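In: Need coordinates for the below:
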Amino acid sequence: MSAKTERIEVRADETSKSRITEAAELLGEPVSAFVVRSARAEAEKVLARAHRTIMPAEQFDLLIASLDEPDDAPALTEIANRPRRFRRA
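Out: As a prediction, the model looks like this:
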């Protein structure tokens, strides 16, 4: 585990602080550890949703079908048809 060198400061209303403190005590952990663990878990959920693309099945099928269709690539075709500079022996 890496050293804890960074600080996060938050302001909370009395009810939130009381609930957070009570929950941390029930789990037998310091409030700071509870807050960091809870915030980290929520951050992981948010990041997982942000890094995933969700679409209807029909749209997904159209996407896959379009990837299966070869694209016209005239510049690439022209380069591939050029005479080779080097040949294998």
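In: what's the longest helix in this protein?
Out: In the chain, with assignment by DSSP state H, the single longest helix is helix 31-50.
In: Which elements pack onto that helix?
Out: helix 14-27 (3 or more C-beta pairs under 8 Å, 6 or more residues apart in numbering; DSSP states H and E). (Each C-beta comes from the backbone N, C-alpha and C, glycine too.)
In: got a list of contacts for the helix it packs on?
Out: For helix 14-27, the external contacting residues (C-beta atoms under 8 Å, 6 or more residues apart in numbering) are 12, 30, 31, 33, 34, 35.
In: where in the chain is pLDDT low?
Out: The chain contains residues with pLDDT under 70 at 1.
In: Show me how far the helix or strand hosting residue 65 is from its chain's centre.
Out: In the assignment (DSSP states H and E), residue 65 maps to helix 57-68. Once both centres are worked out by C-alpha atoms, centre = their mean, to the nearest Å, helix 57-68 turns out to sit 23 Å from its chain's centre.
In: Count the residues that sit near residue 31.
Out: Neighbour count for residue 31, taken as other C-beta atoms under 10 Å: 14.
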